[in-house]
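Peer 1: Next come a sequence and a model predicted from it.
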Amino acid sequence: MSTFSDQLAALMDGCAQVLSEKELKAKLALGRPLKVKLGVDPTSPDIHLGHTVGLTKLRQFQELGHEAILIIGDFTAMIGDPSGRSATRPHLSHEQVMEHAKTYQEQAFRILDPEKTVIRYNGEWFGKMNFQDVMRLNSRVTLQQMLQREDFRERIDKGLPVRAHEIQYPIMQGWDSVVIEADVELGGTDQLFNILVGRDLQHEEGQHQQVAMMLPILTGLDGTQKMSKSLGNAVGVSEPPGEMFGKLMSISDEQMGEYYRLLLHEGISPTAHPMEAKKGLAERLTARYHSAEEARRAREEFELRFSKKDLESADLPSYAAASDLPRDIITLGVDAFERVLGVKKSRGDLRRLVEGGSVSWRGEKITDPKALIPASESGVLKLDRKNAVRIGER
RNA sequence: GGGUAGGUACCGAAGUGGCCAAACGGGGCGGACUGUAAAUCCGCUGGCUUACGCCUUCAGUGGUUCGAAUCCACUCCUGCCCA
């Protein structure tokens, strides 16, 4: 059993900002399990590493005997959190959201202890509200307050639309806290405003105010924007090991420190070569969501394929063209991309890849778009930087 | 409801009758170099069994014209000002 001050230090670790440490300390001193809230909106079907920062903190609370409450924002997801957004989000139907919610929950349990996690859907209370209730809720905040938010301000300044329903978002998130009587709410630093609205609403309801714990936001693979599926810079926790390893290897050296700190909770060894450090990061994270064995194999594959450039012995997907398909490089490439790699490419795309010198057959670069690959031959067809297929027997 | 400025490719933004599949910048992709890092340089960035050819595209519909992203009419959408 740890003392309160040990707990406090452990919990504070890794946070970007806590409002306030004093309040947290007081809550811990109550000696009862605290209700710790983390909200996720199932706007896409997958949880990515960015989400895991908050989930891991929640897990930590869980391990210290507190009550983890994961709010699945089935209603809020239909609005979409305007945080950090420069545009209104596309509408999602409730059915879509619920589809996502299923996989979300399953994936969140890769980090949380399912036995000890309380899952609440906020549709549970928002779905029952009538218009009168909504109006009453809205009367508790002022428009000025809502418009103080940087994201809204910015859009207003730029002459971009801010739709009326978007300002409901912070109110809804805040109301979640009232309903579950949260003691602590976790969120990214961009959640500050929303979490503070929760505090205000709790205060109005005569509840104790929740402590706001803000965690740093993980930068995506592009190295600039926050990790997000819709920006295409995310690493999903359910991605296959090879994919996960490879994506992690593509982060920049500058970002590595951030990934070490936020995901592994440690610093980089100052003596390690950056590449070794990155491979270590990639392997450990891959192992976390798969297995040590799969992570090791992913690393070996990676080294074989990209470091040694030994495509011949790499474990590539095999591709067999239909016998009636023309054997030219473009046709085969498009077909292989679509059927084996699951990527839709146009003939124009393939032509550009060939002319750009990206495609090679049995280690020989092919730049003639009309080149043919005889059906009798077997070998490795490299299509672009990341994709290659094996044709015929090894 | 009135006035006014707009809606161009992934994004920003030129173009205001033919030379426009549409400048330029960003992003993205590919190549060289590498450590699938960074930096740098180069190329590509609507589709088509590959063509100095055809097709689709400049909010939508319908016109004018030999010819429209560009002109006209109506419609839809957005900002700003007024109510």
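Peer 2: Thanks, I have it.
Peer 1: make it CA atoms for all contacts and neighbour counts henceforth
Peer 2: Will do.
Peer 1: Tell me how far A:H51 lies from RNA strand B.
Peer 2: 21 Å (CA to the nearest atom of the strand, to the nearest Å).
Peer 1: and whatever helix or strand that residue lives in, what does it pack onto?
Peer 2: In the assignment (DSSP states H and E), A:H51 maps to helix A:49-63. Secondary-structure packing of helix A:49-63 (3 or more CA pairs under 8 Å, 6 or more residues apart in numbering; DSSP states H and E): helix A:4-12, strand A:35-40, strand A:67-72, strand A:184-188.
Peer 1: Looking at per-residue confidence, what score does the residue of chain A found nearest RNA strand B get?
Peer 2: The nearest approach of chain A to RNA strand B comes at A:S252, 2.6 Å away (CA to the nearest atom of the strand). You'll see A:S252 listed with a pLDDT of 92.
Peer 1: A:A292 too?
Peer 2: 95.
Peer 1: Pull the number of nearby residues for it.
Peer 2: 15 (other CA atoms under 10 Å).
Peer 1: Just list the residues touching it, thanks.
Peer 2: For A:A292, the contacting residues are A:283-284, A:286, by CA atoms under 8 Å, 6 or more residues apart in numbering.
Peer 1: Give me the subset of those that lies in helices.
Peer 2: A:283-284, A:286 (DSSP state H).
Peer 1: Flag the shaky bits of the stretch 251-394 of chain A, pLDDT-wise.
Peer 2: A:394 (pLDDT under 70).
Peer 1: Name the residues of it found near RNA strand B, please.
Peer 2: A:251-254, A:274-275, A:278, A:302-303, A:306-307, A:346-349, A:351-353, A:356-358, A:384-386 (CA under 7 Å from any atom of the strand).
Peer 1: Any idea what A:L70 is bridged to?
Peer 2: Beta bridges link A:L70 to A:L38, A:I119 when assigned by DSSP bridges.
Peer 1: which among the ones in helices among the contacts of A:A292 gets closest to A:Q60?
Peer 2: Ranked by distance to A:Q60 (CA to CA), the ones in helices among the contacts of A:A292 are led by A:R284 at 19.0 Å.
Peer 1: and that closest one, how many neighbours?
Peer 2: If you count neighbours by other CA under 10 Å, A:R284 ends up with 19.
Peer 1: Could you do A:A320 as well?
Peer 2: Count around A:A320 with other CA under 10 Å applied: 16.
Peer 1: same deal with the one 3 residues further on?
Peer 2: A count of nearby residues for A:S323, using other CA under 10 Å, gives 8.
Peer 1: With A:E124 instead?
Peer 2: 12.
Peer 1: Local confidence estimate at it?
Peer 2: 95.
Peer 1: Please settle this for me: is it part of a helix?
Peer 2: Yes. Remark: A:E124 belongs to a helix, assigned using DSSP: H, G, I helix; E, B strand; the rest coil.
Peer 1: right, and A:R351 touches A:T367 too?
Peer 2: No. Counting by CA atoms under 8 Å, A:R351 sits too far from A:T367 to count as a contact (9.0 Å).
Peer 1: quick one: the strands in chain A?
Peer 2: A:17-19, A:35-40, A:67-72, A:117-121, A:184-188, A:211-215, A:318-319, A:360-361, A:364-365, A:379-382, A:388-391 (DSSP state E).
Peer 1: Parallel or antiparallel, list what pairs with the last one.
Peer 2: Same thing as strand A:388-391. strand A:318-319 (parallel), strand A:379-382 (antiparallel).
Peer 1: and these as a markdown table, adding mean neighbour count?
Peer 2: Putting those into a markdown table (neighbours: other CA atoms under 10 Å) gives the following:
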| stretch | mean neighbour count |
| --- | --- |
| strand A:318-319 | 19 |
| strand A:379-382 | 23 |
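Peer 1: got a markdown table for those, with distance to A:N138 too?
Peer 2: Shown next, in a markdown table, are the strands paired with strand A:388-391 (distance: least, CA to CA, whole Å):
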| stretch | distance to A:N138 |
| --- | --- |
| strand A:318-319 | 58 |
| strand A:379-382 | 58 |
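Peer 1: Verify the contact between A:A298 and A:P240 for me.
Peer 2: No. The pair A:A298 / A:P240 is not scored as a contact, 9.3 Å apart, by CA under 8 Å.
Peer 1: Counting neighbours, go ahead and name the busier of those two.
Peer 2: The neighbour count for A:A298 versus A:P240, taken as other CA under 10 Å, is higher for A:A298 (23 against 15).
Peer 1: what sits against that one?
Peer 2: A:241-242, A:245, A:283.
Peer 1: Which of the residues you listed are buried? Put it as a ChimeraX command.
Peer 2: Buried subset of the contacts of A:A298, written as a ChimeraX selection, criterion 16 or more other CA atoms under 10 Å:
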select /A:241,242,245,283
